[in-house]
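model the structure of this input:
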Amino acid sequence: MQSLNFKQSVQKIVAADPRFDAEAYFFVRDALDFVRRAGGRARNQARDVSGAELLDGLRRYALETYGPMAATVLAEWGVHGCEDFGQIVTNLIAHHCEGKADTAKREDFKCGYTFEDAFRKPFLPSARSAAHRKAVKV
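Predicted coordinates:
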């Protein structure tokens, strides 16, 4: 039997669990590659990635890729919190899309960051610049 490619596997996952858009699965896979590359590995070279490490990589990759639109893009795909990333990872592992060597577990994603802190606050004006704008009012 021929193995399914990633796109076909994601289509099966989304058919079984439609909470998340297929793009969310591609994003998580790309972020995992981003984390592995940051550690000096290519996609085909397995390296254990913890849940905390993956969460940080997801945050950094989203900010790098989508900037201030990261939270909006993720919400459009049905991803509203770190636990959603955990469910996506669980679905990928259950469908053999990622190696079981990864040490990330679903419960690792429960105590992550808030999307407000991770994706919105970095782009809000600082208190200092807000005070400066008030002082410069014409």
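
so residue 68 sits right up against residue 123, yeah?
Yes. In this structure residue 68 lies within contact range of residue 123 using CB atoms under 8 Å: 4.3 Å. No exception for glycine: its C-beta is placed from N, CA and C like everyone else's.

I'd like the distance between the closest residue to residue 112 other than its chain neighbours and residue 59.
In space, residue 112 comes closest to residue 82 once its chain neighbours are excluded; the distance is 3.0 Å by CB to CB, 6 or more residues apart in numbering. According to CB to CB, to the nearest Å, residue 82 stands 9 Å off from residue 59.

and residue 19, by the same measure?
20 Å.

more crowded one of the two?
residue 59 (21 against 13; other CB atoms under 10 Å).

list the contacts of the residue nearest in space to the middle of the chain.
Centroid-nearest residue in the chain: residue 58, 3.6 Å away (criterion: CA atoms, centre = their mean). In this structure, residue 58 makes contact with 28, 31, 85, judged by CB atoms under 8 Å, 6 or more residues apart in numbering.

hang on, isn't residue 113 packed against residue 55?
Yes. Residue 113 is in contact with residue 55 according to CB under 8 Å; the separation is 7.1 Å.

so between the two, which is more surrounded?
residue 55 (24 against 15).

buried residues in stretch 21-35?
Across stretch 21-35, burial judged by 16 or more other CB atoms under 10 Å covers 21, 23, 24, 25, 27, 28, 29, 31, 32, 34, 35.
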